[in-house]
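S.K.: please work out how this folds:
(one chain, ligands or ions: 1)
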Amino acid sequence: MSRLVVVSNRIADPRKTAAGGLAVALGEVLNNSGGVWFGWSGKLVDQYPGDGPQVQVHQAGPVKLATVDLDQADYQSYYVGYSNGVLWPVFHYRLDLADFDAGYIEGYRRVNQMFARKLLPLLRPDDIIWVQDYHLIPLAAELRALGCQQRIGYFLHIPLPPPLILAAIPGHDWLMKGLCSYDLVGFQAEADHEHFCRYIEAEAHAQNLGEGRWRVFNRTVHAGAFPIGIDVKEFQALTDGEEAREMYQRMKREYSRRKLLVGVDRLDYSKGLPQRMRAFRELLAKHPETRKSATLIQIASPSREDVSAYTDILHELESLCGSINGNYGELDWMPVRYMHRTVARGRLPGLYRASRVALVTPLRDGMNLVAKEFIAAQDPEDPGVLVLSRFAGAAEQLKEALLVNPYDTEGTAAAIHLALQMPLEERRERHAALLATIRQYDVHWWCDTILHLLGQAEAEETGTPWLRL
Ligand code: GDG
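M.R.: All right, here's what the predicted structure looks like:
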């Protein structure tokens, strides 16, 4: 059996329970096959040692955790500048927030080259390499340039925008050629996959070989949509855990006379938090009976605080929450409880379960796992209602949610009102269908499907040397 090598910007120790579902799932696959997880340690050094960055290896059971530190210059250009200042905004359709500083792409390339050089000595000939996310698009091309012939798969956790938005990135052709150096490229949603196909057809005259295979840049690449899921069983077990039950009971006690609405997001401009607050304000204005009876708890966990667009969104959100509470609050009721803090993972399911409505209304999102966690945490006999943006990748799968356009304040407010009023029977029916979907397409389905296809690449290509770029 081939060994799995996962590469991602950050890594997690799969033995630590605080790790999220994705880390748990990847850790489980790695544990089964024995493998390597390679990435940035999360540590910064002023300068690399004289002989360059060093790989630190820790053995975590059968899994080798291999990390490198980054120096300040690489961190600023590769991580803050290019990954989070160019790729994140543009891939979320926000050209207006992109900073195309010419130096960033150099840093991005340099770190991908360094990752390739550091990873190469750790590889065995029959390894399967699986690269995660937008920080590492050129990694396969860099590995191939060093002679690496192993199968390499890639998964993009964020959306891929339409070709004309992609084409606004200086160097987009280099980036997309890099993406085509993988054997298998996975996207979250069919929409993203379609954008990829349209791009390579229009910009690179790719030839469609059928069944997701393309001949492009002199090699064959397989592409498809593989919507990521959560570990439903693990999340339900967490919901039954002590921390979650305690949280649930506290919330129920505290808000016994109110219906709770919940939002849990990283504080990011893609999550549509100001738009959500405006829709909630509209609800209070239009439906006076919801005043005093509905409370929105919004957790906005701190994220990428060294990127300036994130400071702007923080101020906008704070001012909106303040004005809603100022205008509608009473001595014994505040409409919005906003927390710019991280909640312990064990408590989240209790909060979800105590809530009648979840507001998952990003302006654009690769998938959105909060939507799936909310469904998993519900009591099937008395479930809450999911209000979901049509612009989240999850909307392609979760059709029984109330789908909204987050830019439409009135429409979103009307959907929230509907959710608050929804009769028990309808809530149960919708929830049962949603739960069946997230169970069928859970994170194990996601891992297994992708790794199975990557494994097949070996059988089909045996005897055919990998074409180098
Ligand atoms: C990217 C893509 C894609 C959030 N706040 C707290 C907390 N969280 C946890 C949630 C959930 C995770 O973080 C967030 O996942 P999302 O999917 O919602 O969003 P991103 O972080 O933007 O993730 C996204 C995902 O990758 C996977 O492919 O779905 O589209 O953008 O698990 O529960 N966890 C804790 N405290 C918090 O305050 N413990």
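S.K.: can you give me the helices in the stretch 301-450 of the chain?
M.R.: Along the stretch 301-450 of the chain, the stretches classed as helices by DSSP state H, counting those that start in this stretch are 308-328, 348-353, 369-377, 409-421, 424-440, 443-461.
S.K.: what parts of the stretch 101-250 of the chain come near the ligand?
M.R.: On the criterion Cβ under 6 Å from any ligand atom, the ligand has as its neighbours in the stretch 101-250 of the chain the residues 157, 158, 228. Bear in mind the C-beta positions are built from the backbone N, C-alpha and C, glycine included.
S.K.: the first one contacts residue 135, doesn't it?
M.R.: No: taking Cβ atoms under 8 Å as the contact criterion, residue 157 and residue 135 are not neighbours in contact, 10.1 Å apart.
S.K.: who has more neighbours out of the two?
M.R.: For the pair residue 157 and residue 135, the greater number of neighbours falls to residue 135 (25 against 19), based on other Cβ atoms under 10 Å.
S.K.: need the contact list for that one.
M.R.: Contacts of residue 135 were listed using Cβ atoms under 8 Å, 6 or more residues apart in numbering, and they are 8, 9, 78, 79, 83, 87.
S.K.: for residue 35, which non-adjacent residue is closest in space?
M.R.: With sequence-adjacent residues excluded and distances taken as Cβ to Cβ, 6 or more residues apart in numbering, residue 35 is closest to residue 4, at 4.0 Å.
S.K.: that older thread, please identify the most buried of the helices of the stretch 301-450 of the chain.
M.R.: Each of the helices of the stretch 301-450 of the chain was scored by mean neighbour count; the highest is helix 369-377, a mean of 27, by mean count of other Cβ atoms under 10 Å.
S.K.: hang on, the earlier thing: the helices of the stretch 301-450 of the chain: which one's closest to the ligand?
M.R.: Relative to the ligand, the nearest member of those by Cβ to the nearest ligand atom is helix 369-377, separated by 3.5 Å.
S.K.: what's the closest one in contact with?
M.R.: For helix 369-377, with Cβ under 8 Å, 6+ apart as the criterion, the contacting residues are 21-22, 228-230, 232, 235-236, 239, 244, 262, 264-265, 348-350, 352-353, 355, 358, 360, 384, 386, 388, 392, 394, 398, 401, 431, 434-435, 438.
S.K.: before we move on, what SS does the residue in the stretch 51-200 of the chain that the ligand sits nearest to have?
M.R.: Of all residues in the stretch 51-200 of the chain, residue 157 sits closest to the ligand, with a separation of 3.6 Å (Cβ to the nearest ligand atom). Following DSSP: H, G, I helix; E, B strand; the rest coil, the label given to residue 157 is coil.
S.K.: how close does it get to residue 383?
M.R.: For residue 157, the distance to residue 383 (Cβ to Cβ, to the nearest Å) stands at 27 Å.
S.K.: state the pLDDT value of the most centrally placed residue in the chain.
M.R.: Residue closest to the mean C-alpha point of the chain, counted by Cα atoms, centre = their mean, is residue 157 at 4.9 Å. Per-residue confidence (pLDDT) for residue 157: 96.
S.K.: make 554 the first number, not 1, from now on.
M.R.: Happy to do that; since the first residue is 554 now, the last one works out to residue 710.
S.K.: quick one, phi/psi of it?
M.R.: Dihedral pair for residue 710: phi -80, psi -10, per degrees, to the nearest 10.
S.K.: one step back: state the distance from the residue of the stretch 604-753 of the chain closest to the ligand to residue 650.
M.R.: Here residue 710 is placed at a distance of 19 Å from residue 650 (Cβ to Cβ).
S.K.: who are the contact partners of the residue nearest to residue 588?
M.R.: Applying Cβ under 8 Å, 6+ apart as the definition, the contact partners of residue 557 turn out to be 582, 583, 586, 588, 589, 680, 681, 683, 1004.
S.K.: cutoff 10 Å now
M.R.: 579, 582-590, 616, 680-683, 706, 1000, 1004, 1007 (Cβ atoms under 10 Å, 6 or more residues apart in numbering).
S.K.: any of those residues buried? List them.
M.R.: By neighbour count, with 16 or more other Cβ atoms under 10 Å, the contacts of residue 557 hold 579, 582-584, 586, 588-590, 616, 680-683, 706, 1000, 1004, 1007 as buried.
S.K.: re the thing from before, how about JSON lines for the residues of the stretch 654-803 of the chain next to the ligand, with distance to residue 850 added?
M.R.: Written out in JSON lines, the entries for these read as follows (distance: Cβ to Cβ, whole Å):
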{"residue": "710", "distance to residue 850": "26"}
{"residue": "711", "distance to residue 850": "26"}
{"residue": "781", "distance to residue 850": "25"}
